[in-house]
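*Asks:* Below are the sequence and a predicted model for it; my questions follow.
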Amino acid sequence: MNKHFQILVIGGGSGGITAAAHILKANPSLKLGILEPSDKHYYQPLWTLVGAGVFPREETEREEKDCIPRGAEWVQDAVSAFEPEQNRVTTAQENIITYDYLVVAVGIQLNWSAIPGLKESLGKNGVCSNYSYASVNSTWDNISVLRKGKAIFTQPNTPIKCAGAPQKICYLAEDHFRKTGVRDDIEVVFANAGAGIFGVPKYKTALEKVVARKGINALYRHNLIELRPDKKEAVFEHLDTHEHVTLSYDMIHVTPPMSAPDFVKDSPLASQTGGWVDVDKHTLQHIRYPNVFSLGDCSSLPTSKTGAAIRKEAPVLAQNLLASMEDKPLTGHYDGYTSCPLVTGYGSLILAEFDYDGNPAETFPFDQSEERYSMYALKAYGLPRLYWHGMLRGRA
């Protein structure tokens, strides 16, 4: 099967669907194809609250066919190779698809196998993770039954989607332990490969107070490198001293190392650093191939990899791609805006919003570094509706 599209979107997740919706909203007559193998679409930001027992995981799942924008053709296949010099891609089913313009939105690769002992023990014997639909229920299974011992929550030394998520589930677990009267018998450890709890000073200060108030043992520059599930031990490397630190656990929530997908890293589209799709950070146009654009987690954009970032990136990408098709200047400008709704407990949240320079870019007329129920309600009930009925439709 050979096909040609004026615009080919690779990826039917948040980035691909939202970008396609904006493009077709501006010009419904375009022949646009979306290459996506999965028949399911997930609202992943809610997995934190699924792992905390607030929502069933089924709440986060929709049929992919129901998310495809009107006017787009869904090709249920996966890319295997990019050939930008020939304006074509090869698919897993050995089809050739050519294009005039390409949008790459293939997300991020979760490298479960990069930590020895993790993949085979995930969901068993105290090992859990919110980072997949298959494993997210195991988080609540562990949190809900733990009565004593040590609960460890990890964050790796790689870029990850939603960099705040590893600490959110730590705060929720601690809150659950406290509410059920077992907190005094459980040591809560947040083992973070980073140098601090958060990168933006305003929110860092607020979150340090949360950590101190909750009595969480925060270990910085500690990167998980091995699990020994038979012994219930986790081995960390201290990234400054390179010393190996072994901690026992009764439950451990692991955020796996992540990277650009291998088929992106191995392609001509890749950046020299990290192998991400190499785009201009303001226009989202590829550095070397002017008819290629990218957004979301797979792109080289130096901002946090969140759905909120995609919501601001997509209209800029659509504007600039359509301008490029008409040989007009690319005036759309993305300033790096991203948002991280930092759940600090059941019913409390700090809403971090900031740009490329780490400057707060807050939406509401109050100090968002303060914990509020209203922002928790926005996260739990408002943002999912905005996603399904607004963002994916090109309306928000």
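*Replies:* Ah, there it is.

*Asks:* C-alpha from now on. contacts and neighbour counts both.
*Replies:* Noted.

*Asks:* next structured bit after the strand or helix carrying T154?
*Replies:* T154 is part of strand 149-155, with elements assigned from DSSP states H and E. Using DSSP H and E, the helix or strand that follows strand 149-155 in sequence is helix 165-179.

*Asks:* Where do the helices of the protein begin and end?
*Replies:* Secondary structure of the chain (DSSP state H): helices at 14-26, 47-51, 136-145, 165-179, 201-214, 262-265, 307-325, 373-377, 383-389.

*Asks:* Columns distance to K232, mean neighbour count and mean pLDDT on top of those helices, output as JSON lines?
*Replies:* Below are these laid out as JSON lines (distance: least, C-alpha to C-alpha, whole Å; neighbours: other C-alpha atoms under 10 Å; pLDDT from 0 to 100):
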{"stretch": "helix 14-26", "distance to K232": "36", "mean neighbour count": "26", "mean pLDDT": "98"}
{"stretch": "helix 47-51", "distance to K232": "21", "mean neighbour count": "26", "mean pLDDT": "98"}
{"stretch": "helix 136-145", "distance to K232": "14", "mean neighbour count": "21", "mean pLDDT": "98"}
{"stretch": "helix 165-179", "distance to K232": "19", "mean neighbour count": "22", "mean pLDDT": "98"}
{"stretch": "helix 201-214", "distance to K232": "24", "mean neighbour count": "15", "mean pLDDT": "98"}
{"stretch": "helix 262-265", "distance to K232": "31", "mean neighbour count": "18", "mean pLDDT": "98"}
{"stretch": "helix 307-325", "distance to K232": "34", "mean neighbour count": "22", "mean pLDDT": "98"}
{"stretch": "helix 373-377", "distance to K232": "34", "mean neighbour count": "17", "mean pLDDT": "98"}
{"stretch": "helix 383-389", "distance to K232": "36", "mean neighbour count": "16", "mean pLDDT": "97"}
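
*Asks:* closest one to V254 among those helices?
*Replies:* helix 165-179 (8.1 Å; C-alpha to C-alpha).

*Asks:* The closest one to strand 149-155, inter-axis angle?
*Replies:* For helix 165-179 against strand 149-155, the angle by axes from the mean of the first three to the mean of the last three C-alpha atoms, to 10 degrees is 160 degrees.

*Asks:* tilt between helix 165-179 and helix 136-145?
*Replies:* Going by the same axes, to 10 degrees, helix 165-179 makes 30 degrees with helix 136-145.

*Asks:* And stretch 73-88, end to end?
*Replies:* One end of stretch 73-88 to the other measures 17 Å (C-alpha to C-alpha, to the nearest Å).

*Asks:* got the contact list for the strand holding T154?
*Replies:* Applying C-alpha atoms under 8 Å, 6 or more residues apart in numbering, the external contacts of strand 149-155 come out as 166-167, 169-170, 185-194, 223-224, 248-256.

*Asks:* Narrow those to those in strands?
*Replies:* Among the contacts of strand 149-155, the residues falling in strands (DSSP state E) are 186-192, 223-224, 248, 251-253.

*Asks:* Hmm, L386 is touching R393, no?
*Replies:* No: under the criterion of C-alpha atoms under 8 Å, L386 is not in contact with R393, lying 9.6 Å apart.

*Asks:* In space, what's closest to M258 - neighbours in sequence excluded?
*Replies:* Spatial nearest neighbour of M258, chain neighbours left out: L110 (4.7 Å); criterion: C-alpha to C-alpha, 6 or more residues apart in numbering.

*Asks:* so how far is A26 from the one you found?
*Replies:* Look at L110 and A26: by C-alpha to C-alpha, they are 34 Å apart.

*Asks:* and if you look at Y249?
*Replies:* For Y249 relative to A26 (C-alpha to C-alpha), the value is 53 Å.
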